[in-house]
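Novice: Just a sequence and a predicted model for now, questions to come.
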Amino acid sequence: MAGITNRVKSTNDLELKDRLVAINRVTKVTKGGRAFSFSAIVVVGNEDGIVGWGLGKANEVTTAISKGVEAAKKNLIKTPVHKGTIPHEQIAKFGGAEVFLKPASHGTGVKAGGAMRAVLESVGITDVLAKSKGSSNPHNLVKATMKALSEMRDPAMVAHNRHISVEKVFKG
């Protein structure tokens, strides 16, 4: 992507909503017994093309979630959303998880499960067909979905990269 970046520069003027994807209790066995802590995967988005994810770890659930939200705000990307769906099909892999996203007509809804649904709804996509293959690990699913969304290109971006007009993109 020469010249165009899809990273969001400032979070001050954004109204971000957070969604908890998964929470995991971690046990550390010490000579004094077991020490419990929590890790939380959180997705934040403004439901208008901006989304980010974060991982928070702490001794209490609420602290882990708030740390995850802060981490997610530092890690935002902008993705094109066209009439409530994505501009084109996209496949992405991260670790053992592979995701497939396909545009859907208005009224279809978000046909995705678990971790993918949280990311897609946070970015503001209302109609999409999604499939996850391989690992169902929420960490890898969130990262693969974010990778797929970050690789999305709208017609204006394609025209800019090719140094042609938007009309020529559709003519071939």
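Specialist: Perfect, I can see it now.
Novice: And the helices in this protein?
Specialist: 61-73, 114-123, 138-150, 155-162, 166-171 (DSSP state H).
Novice: who wins for proximity to Asp48 among those?
Specialist: Checking these against Asp48 by CB to CB gives helix 114-123 as the closest, at 8.3 Å. For the C-beta atoms, the positions are set from N, CA and C on the backbone; glycine is no exception.
Novice: That closest one: which residues count as buried?
Specialist: Ala115, Met116, Arg117, Ala118, Val119, Leu120, Glu121, Ser122, Val123 (16 or more other CB atoms under 10 Å).
Novice: who does that helix touch, helix- and strand-wise?
Specialist: Using 3 or more CB pairs under 8 Å, 6 or more residues apart in numbering; DSSP states H and E, the elements in contact with helix 114-123 are strand 17-30, strand 33-45, strand 50-58, strand 110-111, strand 128-134, helix 138-150.
Novice: and Gly52, what does it touch?
Specialist: Val8, Leu16, Val43, Val44, Gly45, Ala72, Lys73, Lys74, Asn75, Leu76, Ile77, Met146 (CB atoms under 8 Å, 6 or more residues apart in numbering).
Novice: so the fifth one makes contact with Val123?
Specialist: Looking back up the chat, that one is Gly45. Yes: counting by CB atoms under 8 Å, Val123 is a contact partner of Gly45 at 5.1 Å.
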